[in-house]
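Engineer: pasting the sequence and the predicted model now:
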Amino acid sequence: EVQLVESGGGLVQAGGSLRLSCAASGFTFDDYHIGWFRQAPGKEREGVSCISMSDGTTYYGESARGRFTISSDNAKNTVYLQMNSLKPEDTAVYYCAAPNCDIDTTDYWGQGTQVTVSS
């Protein structure tokens, strides 16, 4: 059974940082891409960042570029999202998903972790 479990969300002031973790199990980690997505109240879910577990190639959405960094620890089957210079508009539920970076076709989703950035 594929499982994705996010952690690390919380309340932070604007300009602060958080590191989200996504612990994965139930599949061959190296074969997949794992992506971070987010959904703010009243808005559609959007892609934030994605990483290829086979070669480490990374992808960033416009909102994340320059402030967020995605990384992985294949030995721990865990993907991280380091978020710096957070803004109130980053407030959302953050989800990780596999096996690809396409929000419409990726199959497996975690339960999400809430990130709230206060101004």
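Structural biologist: Noted; the coordinates are in hand.
Engineer: mind checking pLDDT for the residue nearest the centre of the chain?
Structural biologist: The centre of the chain sits closest to residue 36, judged by C-alpha atoms, centre = their mean, with a distance of 2.6 Å. Listed pLDDT for residue 36 reads 98.
Engineer: also the one 3 residues further on?
Structural biologist: Residue 39 is assigned a pLDDT of 98 by the prediction.
Engineer: okay, now it: neighbour count?
Structural biologist: By other C-beta atoms under 10 Å, the residues close to residue 39 number 14. Quick note: C-beta positions are derived from backbone N, CA and C, even for glycine.
Engineer: in space, what's closest to the residue nearest to the centre of the chain - neighbours in sequence excluded?
Structural biologist: Spatial nearest neighbour of residue 36, chain neighbours left out: residue 48 (4.3 Å); criterion: C-beta to C-beta, 6 or more residues apart in numbering.
Engineer: the helix or strand that contains the one you found: which residues count as buried?
Structural biologist: Using DSSP states H and E, residue 48 maps to strand 46-52. Neighbour-count burial for strand 46-52, counted by 16 or more other C-beta atoms under 10 Å, picks out 47-52.
Engineer: so what touches the next helix or strand after it?
Structural biologist: For strand 46-52, the following helix or strand on the C-terminal side (DSSP H and E) is strand 58-60. Here strand 58-60 makes contact (C-beta atoms under 8 Å, 6 or more residues apart in numbering) with 35, 48-52, 68, 70, 101.
Engineer: can you rerun that using 6 Å?
Structural biologist: With C-beta atoms under 6 Å, 6 or more residues apart in numbering as the test, strand 58-60 has contacts from 49-51, 70, 101.
Engineer: what's across from the residue nearest to the centre of the chain in the sheet?
Structural biologist: Beta bridges link residue 36 to residue 49, residue 96 when assigned by DSSP bridges.
Engineer: show me the two of the contacts of strand 58-60 that sit farthest apart.
Structural biologist: Spatially, the most separated pair among those is 70 and 101, at 10.6 Å (C-beta to C-beta).
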